[in-house]
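Trainee: Pasting the sequence and the predicted model now:
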Amino acid sequence: MVLVVSLGFDTMKGDPTGSFNLTPRTLRTMGRTVASLDLPLLVVQEGGYSLRNLRSGSVAFFQGVRDGLIAI
């Protein structure tokens, strides 16, 4: 079994096409939660139209994944 995460950054606050308000802190928590499931993980990036959000969101998510793996 492999967990596939379709990771879109258009859900972040400030994205010109979205109406969600996720923050980098939220994405870090999500990454940590996903990693804590201790499953093989495939992440597919699929959305986001703000370069700032792509940068900060991806760093935050994968820092969370790292943190979750260290905790296992």
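Mentor: Everything's here; your move.
Trainee: mind checking the SS state of the spatially most central residue of the chain?
Mentor: The centroid of the chain falls nearest to Phe61 when counting by C-alpha atoms, centre = their mean (3.7 Å). At Phe61 the chain is in helix, as set by DSSP: H, G, I helix; E, B strand; the rest coil.
Trainee: thought it was touching Leu7?
Mentor: Yes: with contact defined as C-beta atoms under 8 Å, Phe61 and Leu7 form a contacting pair (6.4 Å). No exception for glycine: its C-beta is placed from N, CA and C like everyone else's.
Trainee: what's the neighbour count on Arg25?
Mentor: A count of nearby residues for Arg25, using other C-beta atoms under 10 Å, gives 10.
Trainee: State the helix or strand in which it lies.
Mentor: helix 24-36 (DSSP states H and E).
Trainee: what's the burial count for Val5?
Mentor: 16.
Trainee: same deal with Leu27?
Mentor: Neighbours around Leu27, by other C-beta under 10 Å: 24.
Trainee: which parts of the helix holding Arg25 are buried?
Mentor: Buried positions in helix 24-36, judged by neighbour count with 16 or more other C-beta atoms under 10 Å: 24, 26-32, 34-35.
Trainee: what about Val43, neighbour count?
Mentor: Applying other C-beta under 10 Å, I find that Val43 has 16 neighbouring residues.
Trainee: which SS state does it fall under?
Mentor: Per three-state DSSP, the local secondary structure of Val43 is strand.
Trainee: That one touches Gly8, doesn't it?
Mentor: No: with contact defined as C-beta under 8 Å, Val43 does not reach Gly8; the gap is 11.0 Å.
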